[in-house]
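Peer 1: A structural model of the following input is requested.
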Amino acid sequence: MPRKSLSSSIAQWHGDERTIGRPLNTGELTALRRTRLFGATGTMLMAIGALGAGARPVIQDPTFGVRVLNLPSRIQTVALTMTTTGAVMMALAWLLLGRFTVGKRRMTRSQLDRTLMLWMLPLLIAPPMYSKDVYSYLAQSEIARNGLDPYKVGPATGLGLDHVFTLSVPSLWRETPAPYGPLFLWIGRGISELTGENIVAAVLCHRLVVLIGVGLIIWAVPRLARRCGVAEVSAMWLGAANPLLLMHLVAGIHNEALMLGLMLAGVELALRGVESRRRLVPQPPSWPTDRAALRRWLPVLELVAGTVLIAMSSQIKLPSLLAVGFVAMALAHRWGGTVRAFFTASAGLGMLSILVIVAIGKLSGLGFGWLFTLGTANVVRSWMSPPTLLALGAGQIGIFLRLGDHTTSVLALTRAIGVLLIAIVVTWLLLMVLRGKLHPVGGLGVALGATVLLFPVVQPWYLLWAIIPLACWATRPNFRRAVIGFTLLVGIFGPTANGDRFALFQIFDATVASTVIVALIIACTYRRLPWRRLPPTAPVDDPVPPDEAVPAAK
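Peer 2: Numbering: from 1, shown residues only. Sure, this is the predicted structure:
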């Protein structure tokens, strides 16, 4: 006998969030439009500043020699100030936008979608920002295109130090093999075959791939939120419209966008099949005449399609494979939560995932060398990783006490403990989902959050692994405050020095100037933007402009 749907059991915890919000009144719509314009101005400043402070290529820079476009590169401190000011404005606009996504009166999905699109547009044509990883993507894809194994040779060896792609790769990664899955390098090889050695065209193609991933995120987030009983616009604001997504996935061109998009879309499709009221093992249809029997197989097809998408996402970056485990536990719970159900669901979805992984490795011709390069990024000692930070602190204490520098030894110990803790936490979360005490979306978000925090290397955009799925499930004010705090801290102060190398005085000058400019902007807009709590809502029958009069989404 199937157990109670996890969606219905979780919905009672968030009953207030399931209330359909009323449309914004005239005053709130005016504040919304001004907030939207404020954020768009910020992303426009970011795009202009990126012409001088972005991660521009060493050669084939399209702005080189162009009078107006080349100006920011000659005044880098000013360009960095523009980028930082724009990022702060966009983050503050996002914070103000949150006032219209919680409570009884909310903006509509269409209003939020238009806002997000407007903020994205300047960043889509701007140079890469905050990271030069995209140039490593180009080099590794070119290695695959040339018939070499990108999991054995790095850009310097595979292409040569004087190659157009190698020159733009940071020196730290010129000798290292690719740490990414074969699906991503397969896509990159196709881009390389299409664009050749044209850096600008290749970068724009990779940004198009990122845009596809963001589109999948935007498709999946409101559906997962509805499944968990959370208001769609609240989840979209906290997750899909998060400044970290705009700054690092869209502007920074990171493959996490496609990984997260495939994973979240796969989870939505798989849970749609798991939570269907129809039987998951119907009678075989008499193909092709029995249409009713074919419709009864729809939940199975959705479950299979979702698992395939999740497995594909793991072939970009492996951590997303955790989602298969939580879908399997949700399926086992649907089948009664017994030991037999546990092994049946785990074996079935596990074998399907392995088949997809093997098929991608074989069809792409890239094989399974990625399994031996997963630790490539561990050469970075990231202060955002608690195990790494603890080891670095212990190493400095040892040096101070004249006991020697034992950082490397302590680092190996703390990172091993971190991996062990990840395994323990994930196992416990899977069991909670199996027993029906935790929604799989929430379990996945917490598991990815623990993975990020205990991972040997943590980059700012890794936080999105946890923030986006958790935004679809958690609605407690403390969680929102924590996400807002991390987003503003990491988004504003994390990437001050981005793709290019800046002197300390340039960073200091840009930070001081940005602080003064933002303070002046806040002073000038104090009465025009919703910096303070909005006034009491007007009557429901307030006139609403025709283009904004859309029924509010959840």
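
Peer 1: okay, now the unreliable bits of this structure?
Peer 2: Scanning the chain for pLDDT under 70 picks out the ranges 1-21, 277-295, 378-379, 493-501, 534-554.

Peer 1: apply 50 and report the result again.
Peer 2: 1-19, 282-283, 496-499, 538-554 (pLDDT under 50).

Peer 1: and the residue nearest the centre of it, what element?
Peer 2: The structure's the chain has its C-alpha centroid closest to Leu464; by C-alpha atoms, centre = their mean the separation is 4.2 Å. Taking DSSP states H and E as the criterion, Leu464 maps to helix 464-471.

Peer 1: the helix or strand following that helix vs helix 464-471, what angle?
Peer 2: Next in sequence after helix 464-471, counting helices and strands by DSSP H and E, comes helix 477-488. Interaxial angle of helix 477-488 relative to helix 464-471 (axes from the mean of the first three to the mean of the last three C-alpha atoms, to 10 degrees): 150 degrees.

Peer 1: ok, and what's touching helix 477-488?
Peer 2: Helix 477-488 has contacts (C-beta atoms under 8 Å, 6 or more residues apart in numbering) with 91, 94-95, 98, 102, 238, 242-244, 463, 467, 470-471. In this view, the C-beta of every residue, glycine as well, is placed from N, C-alpha and C.

Peer 1: hang on, Pro128 is in a strand, isn't it?
Peer 2: No. The assignment for Pro128 (DSSP: H, G, I helix; E, B strand; the rest coil) gives coil, which keeps it out of a strand.

Peer 1: check the gap between Pro460 and Trp531 for me.
Peer 2: Pro460 sits 26 Å away from Trp531, going by C-beta to C-beta, to the nearest Å.

Peer 1: neighbour count winner among the two?
Peer 2: The neighbour comparison of Pro460 against Trp531 (other C-beta atoms under 10 Å) goes to Pro460, with 22 against 14.

Peer 1: related to what we said a few turns ago, the residue nearest to the centre of the chain reaches Leu245, doesn't it?
Peer 2: Yes. Counting by C-beta atoms under 8 Å, Leu464 touches Leu245, with 6.0 Å between them.

Peer 1: quick check: neighbours shared by these two?
Peer 2: Joint contacts of Leu464 and Leu245 (C-beta under 8 Å, 6+ apart) are Gly239.

Peer 1: would you turn the contacts of helix 477-488 into TSV with distance to Pro62 and neighbour count?
Peer 2: Formatted as TSV, these follow (distance: C-beta to C-beta, whole Å; neighbours: other C-beta atoms under 10 Å):
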residue	distance to Pro62	neighbour count
Ala91	28	22
Trp94	30	26
Leu95	34	17
Gly98	37	16
Val102	42	18
Leu238	36	28
Asn242	30	25
Pro243	27	24
Leu244	27	26
Leu463	32	24
Ile467	34	23
Leu470	39	22
Ala471	36	29
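
Peer 1: and those, which two are furthest apart?
Peer 2: Using C-beta to C-beta, the contacts of helix 477-488 reach their maximum pairwise distance at Val102 and Leu463, which is 20.9 Å.

Peer 1: just to revisit the earlier point, what's in contact with the helix holding Leu464?
Peer 2: Here helix 464-471 makes contact (C-beta under 8 Å, 6+ apart) with 217, 221, 224-225, 230, 234-235, 238-240, 242, 244-245, 248-249, 256, 260, 264, 267, 319, 441-442, 444-446, 448-449, 451-452, 479, 483, 486-487.

Peer 1: pretty sure Ile75 sits against Ala53.
Peer 2: No. If you go by C-beta under 8 Å, Ile75 and Ala53 don't touch, sitting 9.9 Å apart.

Peer 1: looking at the two, which one has more neighbours?
Peer 2: The neighbour comparison of Ile75 against Ala53 (other C-beta under 10 Å) goes to Ala53, with 31 against 13.

Peer 1: and the more buried one, how far is that from Phe100?
Peer 2: Shown here: Ala53 relative to Phe100, a distance of 31 Å by C-beta to C-beta.

Peer 1: cool, Val209 as well?
Peer 2: Taking C-beta to C-beta, one finds Val209 at 31 Å from Phe100.

Peer 1: have a look at those two and say which one is more surrounded.
Peer 2: The residue with more neighbours, out of Val209 and Phe100, is Phe100; 25 against 21, by other C-beta under 10 Å.

Peer 1: tally of neighbours for Leu121?
Peer 2: So Leu121, with other C-beta under 10 Å, has 14 neighbours.

Peer 1: give me the contacts around the helix or strand that contains it.
Peer 2: In this assignment (DSSP H and E), Leu121 forms part of helix 109-124. Residues outside helix 109-124 that contact it (C-beta under 8 Å, 6+ apart) are 32, 36, 39-40, 42-44, 46-47, 90, 93, 97, 100-101, 129, 207, 211, 214, 218, 222, 232-233, 236-237, 240-241, 246, 250-251, 548, 550, 553.

Peer 1: shouldn't Ala328 be within a strand?
Peer 2: No. Residue state for Ala328 (three-state DSSP) corresponds to helix; a strand is not indicated.

Peer 1: check contacts around it.
Peer 2: Ala345, Ser346, Gly348, Leu349, Gly350.

Peer 1: now stretch 446-463, how far from the centre of its chain.
Peer 2: Its chain's C-alpha centre and that of stretch 446-463 lie 12 Å apart, by C-alpha atoms, centre = their mean, to the nearest Å.

Peer 1: what about the longest helix in the chain?
Peer 2: In the chain, taking DSSP state H as the definition, the longest helix is helix 199-228.

Peer 1: mind listing what's buried in the helix holding Leu121?
Peer 2: Using 16 or more other C-beta atoms under 10 Å as the test for burial, helix 109-124 gives Arg109, Gln111, Leu112, Asp113, Thr115, Leu116, Trp119, Met120, Pro122, Leu123.

Peer 1: what subset of the contacts of helix 109-124 is buried?
Peer 2: Judged by 16+ other C-beta under 10 Å, buried ones among those: 32, 36, 39-40, 42-44, 46-47, 90, 93, 97, 100-101, 129, 207, 211, 214, 218, 222, 232-233, 236-237, 240-241, 246, 250-251, 548, 553.
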